[in-house]
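Asker: Sequence and predicted structure, then a few things I'm wondering about:
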Amino acid sequence: MAIGERIRFIRNLRGMTQKYLGTLVGFPEKTADIRMAQYEAGSRTPKEDLTKTLAAALDVSPLALNVPDIDSQFGIMHTLFALEDRYGLVVEIRDGEILFRIDPRRGKEAAQLSEQVSAWAIIAEKYHAGEISKDEYDKWRYYYPEFDDTQITAKVPAQELSDAMVKAFKKKLKD
């Protein structure tokens with residue numbers, strides 16, 4: 001999904017119009033919707049400073065807007081191949097299910113990515129168990145890595161880590 005599609009997706013998720021978002025980031029009211037339509041359609045690409053301003057207006061990290069091009073199934077496949085090459089992504093079939101995992105033995109970056117995906121899995125489990133809301137889950141994902149405290153506490157056992165992460169995460173949400 002290109003940056004324009006991410007902007008549109010998150011704008012719609014937030015219930016904003018193009019005109020409203022455009023005026024929030026400083027475009028004149030008369031042309032705000034046109035400018036946003038151009039960015040969302042991909043005919044214009046926001047520069048880094050505008051991307052940061054858009055991210056702040058959409059209440060997400062700029063990283064949530066800058067995602068790899070996954071507009072097609074072939075693009076997704078090549079993204080997965082690149083993840084295999086760089087980070088040790090492993091695809092396998094177990095009990096008739098296709099599974100992806102990261103082999104942390106493939107190097108430092110693979111080990112770090114494995115820890116990060118584990119943090120995501122812990123937060124996802126908390127969401128599916130009803131311990132955090134959909135809004136809290138989405139906030140964690142869209143502000144990643146800001147709310148990921150695992151980088152500091154990676155040696156803590158998983159249950160203690162997940163409880164500590166949720167506690168720190170909820171504290172950050174209130175701040």
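Answerer: Structure received.
Asker: who touches Gln18 in this structure?
Answerer: Counting by Cβ atoms under 8 Å, 6 or more residues apart in numbering, Gln18 makes contact with 11, 32-33, 36-37, 40. All C-beta atoms are positioned from the backbone trio N, CA, C, and that covers glycine.
Asker: Could you pull up the contacting residues of Ile10?
Answerer: By Cβ under 8 Å, 6+ apart, the contact set of Ile10 is 58, 60, 64-65, 142.
Asker: out of the residues you listed, which one sits closest to Glu48?
Answerer: Glu48 lies nearest to Leu65 out of the contacts of Ile10, by Cβ to Cβ, at 10.7 Å.
Asker: Can you classify the closest residue to the closest one other than its chain neighbours as helix, strand or coil?
Answerer: With Cβ to Cβ, 6 or more residues apart in numbering as the criterion, Leu65 has its nearest non-adjacent residue at 4.8 Å, and that residue is Arg6. For Arg6, the assignment made with DSSP: H, G, I helix; E, B strand; the rest coil gives helix.
Asker: Contact partners for Arg6?
Answerer: Contact analysis of Arg6 by Cβ under 8 Å, 6+ apart lists 64-67.
Asker: any idea which element Lys126 lies in?
Answerer: helix 108-128 (DSSP states H and E).
Asker: could you dump that helix to PDB, C-alpha only?
Answerer: C-alpha atoms of helix 108-128 as PDB (Å, rounded to 0.1, in the frame of the first residue of the first chain):
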ATOM      1  CA  LYS A 108      21.500  -9.600  14.900                       C
ATOM      2  CA  GLU A 109      18.800  -7.900  12.800                       C
ATOM      3  CA  ALA A 110      16.800 -11.200  12.600                       C
ATOM      4  CA  ALA A 111      17.000 -11.600  16.400                       C
ATOM      5  CA  GLN A 112      15.900  -8.000  16.900                       C
ATOM      6  CA  LEU A 113      13.000  -8.400  14.500                       C
ATOM      7  CA  SER A 114      12.000 -11.700  16.200                       C
ATOM      8  CA  GLU A 115      11.800  -9.700  19.500                       C
ATOM      9  CA  GLN A 116       9.700  -7.000  17.900                       C
ATOM     10  CA  VAL A 117       7.300  -9.500  16.300                       C
ATOM     11  CA  SER A 118       7.000 -11.300  19.700                       C
ATOM     12  CA  ALA A 119       6.100  -7.900  21.300                       C
ATOM     13  CA  TRP A 120       3.400  -7.500  18.600                       C
ATOM     14  CA  ALA A 121       2.100 -11.100  19.300                       C
ATOM     15  CA  ILE A 122       1.900 -10.300  23.000                       C
ATOM     16  CA  ILE A 123      -0.100  -7.100  22.400                       C
ATOM     17  CA  ALA A 124      -2.300  -8.900  19.900                       C
ATOM     18  CA  GLU A 125      -3.000 -11.700  22.500                       C
ATOM     19  CA  LYS A 126      -4.000  -9.000  25.000                       C
ATOM     20  CA  TYR A 127      -6.400  -7.500  22.500                       C
ATOM     21  CA  HIS A 128      -7.900 -10.800  21.600                       C
END
